[in-house]
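# Turn this into a model:
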Amino acid sequence: MSTASRDLASLRVLIVGCGNIAGGFDQGRVAGHLPSTHAGAYMRDGRFDLLACVEPDDKRRGEFMAAWGVATGFQTIEEALASGKQFDVISICSPTECHAHDLEMALSLQPKLIFCEKPLTTSVTENQRLLEECAQLNIRLAINYTRRWDAEISTLHANMQAGRWGQLRSVMGYYNKGVLNNGSHMVDLLHLLVGAMEIVKVGKPIHDFFANDPTVPVWLEGASGIPVMLACGHAEDYAIFELQLVFSVGMVIMEEGGLFWRERAVLDSGTFKGYRVLDAGVRRVGQYPGAMLNAADNIYRAIQQGDLLASSGESALAAQDMCEKIKQQAYNVKE
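Numbering: from 1, shown residues only. Modelled structure (predicted):
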């Protein structure tokens, strides 16, 4: 088969779990919007065939099938395995506590790639075992740390590598709703932009949403002693996921999770002679809404052309490992 023919082949998809991230967030939205779900991205891309879904709730499964034109629905992933159907891609969109079981069953279905919501499972040890099984079976594993597919993040990373912003001096991040649930998104993003980091100090755990996943303030340190501070909001107040990167020649700010960006340049102070300050910058629209569509394209090319995955099991494991260490240290902080 020629390369051109392979590029035209549709990939057969099974979606496990039919909640918001599977397709719910995109249902009922106006035509032409950029998708924010697995089903929405696969459909918009056009090179995937939504062959089947798994959902124990009959009503939810029926609504999902009707909304996305899915012909076959299963109550359990075991039923999908017993059906004898073959899938190229399996999206795991079930609750986190179901991931370990669903991933194990997905491996038995032997797809070419599994696209799993984060975190992979609730256990770093379990993650390591599943990564080893994927490698043994030659099954690719992508984890939905969405910002790794954000074109704005990719450009920022390239500019940092090229030295456009000079030296990175410090980083300040803000998050809430759990160090593993949302904090892992921040840590994964920092691993991409800053590189390997060490934990310097953690603060007291803040239980703002999940009983077993507190939000934790933490001081990290990157290469050459770059300070990285993560401060906390409270999930009962509002959602927050923002990042400020201080460079030698300016500041780059990610606002509202990447929906908006601000770049502040250095200029001479009009008030204090001899001082240099930052301007106010201009708030501009980011490219985060295109991330899921970029993820679908990356997944297709990873299968058909062997491209590297922007967000892999290995990078996700590194983020979760650090978050688990932060959480454990937070529980040891004296009141």
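# in what helix or strand does the closest residue in space to Gly290 that isn't next to it in sequence lie?
Excluding its sequence neighbours, the residue lying closest to Gly290 (CB to CB, 6 or more residues apart in numbering) is Leu34, at 5.3 Å. (Each C-beta comes from the backbone N, C-alpha and C, glycine too.) Assigned by DSSP states H and E, Leu34 belongs to neither a helix nor a strand.
# Leu34 - how many residues pack around it?
17 (other CB atoms under 10 Å).
# so it makes contact with Gln287?
No - using CB atoms under 8 Å, Leu34 makes no contact with Gln287, being 9.3 Å away.
# and the closest residue to Ile92 other than its chain neighbours, what does it touch?
Distances taken as CB to CB, 6+ apart put Cys116 closest to Ile92, at 4.1 Å, once the chain neighbours are dropped. Residues counted as contacts of Cys116 (CB atoms under 8 Å, 6 or more residues apart in numbering) are 91-92, 99, 103, 141-144.
# gap between Phe269 and Val277?
Just to correct that, residue 269 is Ser rather than Phe. With distances taken as CB to CB, to the nearest Å, Ser269 is found 5 Å from Val277.
# before we move on, what about His33?
Distance of His33 to Val277, given as CB to CB: 40 Å.
# And Glu117, by the same measure?
Counting by CB to CB - Glu117 and Val277 are separated by 43 Å.
# next one: Ile139
53 Å.
# Closest to the centroid, which residue in the chain?
Compute the mean C-alpha point of the chain, and by CA atoms, centre = their mean the closest residue is Tyr145, 1.2 Å away.
# Would you confirm that it contacts Gly313?
No - counting by CB under 8 Å, Tyr145 stays clear of Gly313, with 10.9 Å between them.
# Which strands or helices does the helix or strand hosting Glu242 pack on?
Per DSSP H and E: Glu242 is located in strand 241-247. On a contact count with 3 or more CB pairs under 8 Å, 6 or more residues apart in numbering; DSSP states H and E, strand 241-247 meets strand 168-175, helix 183-193, strand 250-255.
# now do 7 Å
strand 168-175, strand 250-255 (3 or more CB pairs under 7 Å, 6 or more residues apart in numbering; DSSP states H and E).
# Just checking: what are the partner strands of the shortest one?
Sheet pairing here is set by DSSP bridges, and for strand 250-255 it gives strand 241-247 (antiparallel), strand 260-268 (antiparallel).
# still on that earlier bit, just give me the closest of the contacts of Cys116 to Met197.
Lowest distance from Met197 to these (CB to CB) belongs to Ile143, with 19.0 Å.
# Tell me how far that closest one lies from Met292.
For Ile143 relative to Met292 (CB to CB), the value is 13 Å.
# With Leu141 instead?
For Leu141, the distance to Met292 - CB to CB - is 17 Å.
# Over to Leu230?
25 Å.
# State the helix or strand in which Lys327 lies.
helix 313-331.
# Could you name the helices and strands sitting against that helix?
Looks like helix 313-331 contacts helix 124-137, strand 140-143, helix 183-193, strand 198-202 (3+ CB pairs under 7 Å, 6+ apart).
# That one to helix 124-137, inter-axis angle?
Comparing the axes of helix 313-331 and helix 124-137 via axes from the mean of the first three to the mean of the last three CA atoms, to 10 degrees yields an angle of 170 degrees.
# what about Gly306, neighbour count?
8.
# what's the answer for Gln75, then?
Using other CB under 10 Å: Gln75 sits among 13 other residues.
# Find the nearest non-adjacent residue to it, please.
Pro56 (5.4 Å).
# Give me the secondary structure label for the one you found.
Secondary structure, DSSP: H, G, I helix; E, B strand; the rest coil: Pro56 is coil.
# Now do the same contact list for the closest residue to Ala316 other than its chain neighbours.
Sequence neighbours aside, Ile143 is the residue nearest to Ala316 in space, at 3.7 Å (criterion: CB to CB, 6+ apart). Residues counted as contacts of Ile143 (CB atoms under 7 Å, 6 or more residues apart in numbering) are 116, 118, 120, 311-313, 316.
# farthest pair in those residues?
Largest pairwise distance in the contacts of Ile143, by CB to CB, is 12.0 Å, between Lys118 and Ser312.
# Against Thr72, how distant is Ser83?
8 Å.
# How about Cys134?
25 Å.
# and the helix or strand hosting Ile299, what does it pack onto?
Here Ile299 sits within helix 291-305, counting by DSSP H and E. Helix 291-305 sits against helix 38-45, strand 113-116, strand 140-143, with contacts defined as 3+ CB pairs under 7 Å, 6+ apart.
# Name the SS class of Phe25, please.
helix.
# Dig out what Ser91 forms beta bridges with.
The partner residues for Ser91, given DSSP bridges, come to Ile15, Phe115.
# Good, we can wrap up now.
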